[in-house]
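>>> Okay, structure incoming, though there's no sequence with it:
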């Protein structure tokens with residue numbers, strides 16, 4: 001959130017505290033703000049309003065996040081964003097050009113699990129919805145695991161790295 005939004009956030013949080021009869025402390029306010037700072041103030045205010053109208057008890061930050069994201073975790077929404085990018089690229093260029101993916105998990109999946117050129121030239125329109133589901137599940141599995149895909153680099157880089165340190 002922007003610096004100016006802290007006042008709006010504090011106001012919304014204070015309203016929620018008063019309605020739920022919860023003491024507003026600096027630590028609590030800072031914790032909620034830190035947890036929700038990646039969302040816009042409009043999203044947070046809407047989540048607070050929803051919480052006031054639907055929660056029986058003072059909501060945890062994760063409950064406010066669920067109101068904002070519709071119950072999807074940030075990882076799940078990242079997976080959806082990535083699959084949408086790939087499909088948009090696919091529909092525009094087909095198998096003629098490989099997408100330039102910046103997300104390391106997407107890059108790994110589209111070069112190892114589904115080699116983009118082969119995938120793009122053989123997938124049927126009727127299979128796309130199932131592929132989307134499988135991609136999101138694979139993306140979430142990689143995101144949740146401690147093992148991250150290795151970054152690919154040119155052989156010359158290996159020689160440079162060895163000389164460092």
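In hand now; what should we look at? The shown structure was predicted, so the numbers you read here are calculated from the model rather than taken from an experiment.
>>> Run through the protein and note the low-pLDDT ranges.
In the predicted model of the chain, residues 1-4, 71-77, 145-165 satisfy pLDDT under 70.
>>> what residues go with each domain of it?
5-69, 75-144 (automatic domain parsing).
>>> Output those domains as a markdown table; include the columns mean neighbour count.
From N, CA and C alone the C-beta is placed, and that goes for glycine too. Formatted as a markdown table, the domains of the chain follow (neighbours: other C-beta atoms under 10 Å):
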| stretch | mean neighbour count |
| --- | --- |
| domain 5-69 | 15 |
| domain 75-144 | 15 |
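>>> which stretches of the chain form helices?
Under the criterion DSSP state H, the chain contains helices at 5-19, 26-36, 41-54, 61-69, 74-93, 104-108, 116-122, 128-144, 155-162.
>>> what does the second one contact?
By C-beta atoms under 8 Å, 6 or more residues apart in numbering, the surrounding residues in contact with helix 26-36 are 1, 6, 9, 10, 13, 44, 47, 61, 64, 65.
>>> Repeat the analysis, applying 6 Å as the threshold.
Here helix 26-36 makes contact (C-beta atoms under 6 Å, 6 or more residues apart in numbering) with 9, 13, 44, 61.
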